[in-house]
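Enquirer: With the sequence up front, the predicted model follows.
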There are 2 protein chains.
Amino acid sequence: MGNLADRIEEYLKQILEKTTEGYIVLQRSELAGEFECVPSQINYVLDTRFTVERGYLVESRRGGGGYLRIIRLGLGIEGQYQQVMRQLIGEHLSRDRSNALVNRLLDEELVTIREAALIKSILSGNNLAGEFRDWDTLRASLMKDILTTLSRDDLV
Amino acid sequence: MGNLADRIEEYLKQILEKTTEGYIVLQRSELAGEFECVPSQINYVLDTRFTVERGYLVESRRGGGGYLRIIRLGLGIEGQYQQVMRQLIGEHLSRDRSNALVNRLLDEELVTIREAALIKSILSGNNLAGEFRDWDTLRASLMKDILTTLSRDDLV
DNA sequence: AGATTATTGACCTTTCCTGACCTTCTATTA
DNA sequence: TAATAGAAGGTCAGGAAAGGTCAATAATCT
């Protein structure tokens, strides 16, 4: 509980809590400097503690002026996103089921009409009939990405 | 967001916003002077930030009385953006280009932030790396579907 | 002891910035 | 009028400044 990774995790979560933006931006090397560790230790913490499953999204940019951005994922209304997401893990999602799912999100006002139409048009996948062999698996995977995006705290 | 290239980009976009002509004219060396950098840095900014995908055109002239002209490309009115966009998409669409195009839609307020994030998460997902042979073609096809959906009259 | 988790360091990729050198255009001048 | 000097902008390669990856080792847990 007192190891380095845990302390860095704690520190980051603390400032993430405080922010109203829903995200924080930082420099990897700088943070590593504060904790007097090697920079890749920061990646270890991000990879193991700030995953989608745990409610975070990490974006980054290299080169001069590079940065790390950690985004908080909210629960949506009563944790709907996560609930649906758990059901999707490792699953195949048929076109019918995905449509039903999107309709439910629409009912619960978690997405707008336009968003729903967008998602459907993509997941219906008329484009790739034949081209892609396991479209149902792809659909499940895309659905997870969609739900993750919808729950981003920095988009409200 | 604090590096030189970003600041120059910001500055140029700001004066482009203000102008009513839809373009600005400037001297490379003069601008370089203002930002206290080498002139070729200006080219770097123009090459990486003011591309066609991002909605800009750059013209220039050398020699005495030379200049740079940055033109903001509007997407036109009344559904004309559809045509322009489709042209830009073509048959293959890389991840970087698709992100640029979505940002453009956002700039033009044709999509919301959430919609933009949604589209990006789907089109730039690492999901299918490897699985699908021609992801760039699929991306182009999906992007066109998305445009069609966005212009549906029944979704206003 | 064996398995899992943490830590480090060497090496890689991306993005940015600079400077040396190149090309084009205008103006002047022999 | 032809040559040329000067005033733009263009190109490209190299170095610097980020962050990313991976495998080897150390520490901790069961």
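Expert: All right, it came through fine. Residues are numbered from 1 along each chain as shown, chains lettered A, B, ... in the order given.
Enquirer: At the contact with chain B, which residues of chain A appear?
Expert: A:64-65, A:67, A:113-115, A:117-119, A:121-122, A:127-128, A:131-132, A:134, A:138, A:141-142, A:145-146, A:148-150, A:152, A:155 (C-beta under 8 Å from any C-beta of the partner chain). In this view, the C-beta of every residue, glycine as well, is placed from N, C-alpha and C.
Enquirer: Of the residues you listed, just the buried ones, ChimeraX syntax please.
Expert: To isolate the buried members of the residues of chain A next to chain B in ChimeraX, using 16 or more other C-beta atoms under 10 Å in any protein chain shown:
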select /A:114,115,117,118,119,121,122,127,132,138,141,142,145,146,148,149,150,152,155
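Enquirer: mind listing which of the residues of chain A next to chain B are in helices?
Expert: Secondary structure from DSSP state H places A:113-115, A:117-119, A:121-122, A:138, A:141-142, A:145-146, A:148-150 of the residues of chain A next to chain B in helices.
Enquirer: with the residues you listed in mind, which one is nearest to B:Pro39?
Expert: Using C-beta to C-beta, A:Thr149 is the member of these that sits closest to B:Pro39, with 40.7 Å.
Enquirer: how far away is the nearest residue to the closest one once chain neighbours are set aside from DNA strand D?
Expert: Once flanking residues are discounted, A:Thr149 sits nearest to B:Ser121: 4.2 Å by C-beta to C-beta, 6 or more residues apart in numbering or on different chains. Note on B:Ser121: its distance to DNA strand D, by C-beta to the nearest atom of the strand, to the nearest Å, is 17 Å.
Enquirer: hang on, B:Ser121 packs against A:Leu150?
Expert: No - counting by C-beta atoms under 8 Å, A:Leu150 is not a contact partner of B:Ser121; they are 9.1 Å apart.
Enquirer: Could you report the pLDDT at the closest residue to DNA strand C within chain A?
Expert: At 2.2 Å from DNA strand C, A:Gly63 is the closest residue in chain A, using C-beta to the nearest atom of the strand. A:Gly63 is assigned 96 on the pLDDT scale.
Enquirer: Could you report the neighbour count for it?
Expert: 7 (other C-beta atoms under 10 Å in any protein chain shown).
Enquirer: do A:Glu53 as well
Expert: Other residues close to A:Glu53 by other C-beta under 10 Å number 11.
Enquirer: Looks to me like it is in a helix.
Expert: No - per DSSP: H, G, I helix; E, B strand; the rest coil, A:Glu53 lies outside any helix segment and is coil.
Enquirer: Can you pull the phi/psi pair for it?
Expert: As for A:Glu53, its main-chain torsions (degrees, to the nearest 10) stand at phi -60, psi -30.
Enquirer: Over to A:Leu73?
Expert: phi -100, psi 130.
Enquirer: and the gap between it and A:Val52?
Expert: 7 Å (C-beta to C-beta, to the nearest Å).
Enquirer: and those two? which has more neighbours close in?
Expert: Neighbour count, other C-beta under 10 Å: between A:Leu73 and A:Val52, A:Leu73 has more, with 22 against 16.
Enquirer: Could you check how far the more buried one is from DNA strand D?
Expert: The gap separating A:Leu73 from DNA strand D is 18 Å, by C-beta to the nearest atom of the strand.
Enquirer: Identify the bridge partners of that residue.
Expert: For A:Leu73, the beta-bridge partners are A:Arg152 (DSSP bridges).
Enquirer: Point out where chain A drops to low pLDDT.
Expert: For chain A, residues meeting the criterion pLDDT under 70 lie at A:1, A:77-78, A:86, A:88-90, A:125-133.
Enquirer: near DNA strand C, which residues of it?
Expert: Residues of chain A lying close to DNA strand C by C-beta under 7 Å from any atom of the strand are A:3-6, A:37-38, A:40-41, A:44, A:48, A:61-66.
Enquirer: Now whatever residue of chain A ends up closest to chain B: closest residue in space, sequence neighbours ignored.
Expert: Nearest residue of chain A to chain B (C-beta to the nearest C-beta) works out as A:Gly65 at 3.1 Å. Distance criterion C-beta to C-beta, 6+ apart; nearest residue to A:Gly65, sequence neighbours excluded, is B:Asn3 at 3.1 Å.
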